[in-house]
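**Q** Predicted coordinates and the sequence they were generated for:
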Amino acid sequence: MALPRVDLPRLMAHRGLSAHAPENTLAAIRAAHAAGFEWVELDVQLLGDGTPVIWHDPGMRRCSDGRGKLSKLRLEQAREFDVGAWFADGFRGERMATLDETLAVMAELGMGLNLELKVARGRDPEALAESAIPRLLEALPYERRLVSSFSPAALEHSRSLADASSLALGVLCESLPRGWQAQVDAIQAYSIHCDWKRLKEKRARQISEAGIALLCYTANDPLAFKSRWDWGVAGVISDDPGRFIAAGISQQ
């Protein structure tokens, strides 16, 4: 089945422009846009009250001045924490963003979004998909949205909510499994996203030749990554994609 085209760039900002702004915040999205990057990768999870929010870790400690597990927090509690000052004083006062707020900013800026369904241990992948997918479908057009996850259950449920002509899905993995084709076929995936340091040339070429978009995370050294472009890699997810621009790599 030929899938509609997603306008994936060669360079995507990881968790927003996370080398220059606090990750997974509205500030990081705006920083990516200001730097000229058209797509960002962000993580979505559910708070304890069911609110989908943009956040990577299962808890608050690393990226805020607060403590607590997301699974135990209500939105009004999570909003009490500063999620910017840990990065730099200029971001003091930044608050956790909901998915709804984030999608509104993405639509306003005309940006593309790779939304990762982040399923922490003990959390419900289907509930996350049911909360996030309808919001994404309503907010952004097909060509500017992509959903990825390490969780097969989250991807499978996402596909049950939207067919391949309505939603592009990406299989996230560390090392590419031998059975990658079966995983792709099972959900009619558009892309595979892997750890660039674990990528092998033979497998990369197989994926590219099969017409599957191959994205690599989290590459921050354009010289070390250089050979992978010749293997058929379609794009890089980077904390600092500006380094690739400086090395002569274009976005398209």
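**A** Structure's in. What do you need? Residues are numbered from 1 along each chain as shown.
**Q** Now stretch 185-200: average pLDDT?
**A** Across stretch 185-200, pLDDT averages out at 97.
**Q** all strands of the stretch 1-150 of the chain, in order?
**A** 11-14, 39-46, 52-54, 112-117, 145-149 (DSSP state E, counting those that start in this stretch).
**Q** Specify the stretch among these that is closest to residue 216.
**A** For residue 216, the closest of the strands of the stretch 1-150 of the chain is strand 11-14, at 10.1 Å, according to CB to CB. C-beta coordinates here come from the backbone N, C-alpha and C atoms, glycine included.
**Q** Direction included, what does that closest one pair against?
**A** According to DSSP bridges, strand 11-14 forms sheet pairs with strand 39-46 (parallel), strand 235-238 (parallel).
**Q** where along this structure do the helices fall?
**A** 26-34, 75-78, 99-109, 125-139, 152-161, 180-187, 201-209, 222-229, 242-246 (DSSP state H).
**Q** Flag every buried residue along the longest one.
**A** The reference is to helix 125-139. In terms of neighbour count (16 or more other CB atoms under 10 Å), helix 125-139 has its buried residues at 125, 126, 128, 129, 130, 131, 132, 133, 135, 136, 137, 139.
**Q** Low-confidence regions, the stretch 151-252 of the chain specifically.
**A** Within the stretch 151-252 of the chain, no range satisfies pLDDT under 70.
**Q** can you pull the contacts of the residue nearest the centre of the chain?
**A** Among the residues of the chain, the one closest to the centroid is residue 41, at 3.1 Å (CA atoms, centre = their mean). By CB atoms under 8 Å, 6 or more residues apart in numbering, the contact list for residue 41 reads 12, 13, 14, 15, 113, 114, 115, 116, 148, 217, 237.
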